[in-house]
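Undergrad: Pasting the sequence and the predicted coordinates here, then a few questions.
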Amino acid sequence: MQNEEPDLTDPRALRQKAEEQLKAKQKKARFEDIDASRLVHELQVHQIELEMQNEELRQASHTAETALKKYTMLYDLAPMGYFTLDSSGSICELNFTGAALLGDKRFKLINSNFKLYVSEGSRSVFNDFFKKVFSSHAKESCKVTLGYDSKPLCQVYMEGIVTDDDRQCLLSAIDISAFKT
């Protein structure tokens, strides 16, 4: 094996060696330039993708806000009382009209038992209705008088149904005191 080093004192050999090194550097630089331009392109494409996703998120957020406003109008400000009761009769949720029917503030009524607001004379009717709602899995209805501490509030017509997924009673109540027959 011959391990000859070129004689770098020879101008021709020196030039040849320099040209070889220059070619190697240019080849490497070309690959780096190609890699850098490819990387810049990928980053630009990714940036555009992110901008498009961001716009979709803005639109989804706007849609969600619109739906929330609509829900608030339909549920909270409805002209009839809406309640969500658990299987023991505790109030999980209610709207403003429901709170007005029970004669108290909404936040105070959460977790209290709805049965406490049914007058003594109507409690057996309500209890039968409530049992049927949970046993029949169909919409049930009844008329009861709301009131507490021997203080009648109003007569209401109620409809209730149990949700399949979380076993809660969705209850609507409308004041029918003005429609006494």
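TA: Alright, I've got the coordinates.
Undergrad: So in the protein, where's the weakest helix or strand by average pLDDT?
TA: Lowest on mean pLDDT, DSSP states H and E among the helices and strands of the chain sits helix 11-71, with a mean of 83.
Undergrad: Show me what that one is packed up against.
TA: Of the remaining helices and strands, none touches helix 11-71 by 3 or more CB pairs under 8 Å, 6 or more residues apart in numbering; DSSP states H and E. All C-beta atoms are positioned from the backbone trio N, CA, C, and that covers glycine.
Undergrad: Check which strands are paired with whichever helix or strand comes after it and give the direction for each one.
TA: For helix 11-71, the succeeding helix or strand toward the C-terminus, using DSSP states H and E, is strand 81-85. Taking DSSP bridges as the criterion, strand 81-85 forms sheet pairs with strand 91-94 (antiparallel), strand 169-175 (antiparallel).
Undergrad: Of all those, which one is nearest Lys115?
TA: The minimum distance between Lys115 and the strands paired with strand 81-85 falls on strand 91-94, with 10.1 Å, by CB to CB.
Undergrad: Would you mind giving the secondary structure of Ser88?
TA: Three-state assignment for Ser88 (DSSP: H, G, I helix; E, B strand; the rest coil): coil.
Undergrad: so what's it closest to, chain neighbours aside?
TA: Nearest residue to Ser88 in three dimensions, chain neighbours excluded: Asn113, at 7.1 Å (CB to CB, 6 or more residues apart in numbering).
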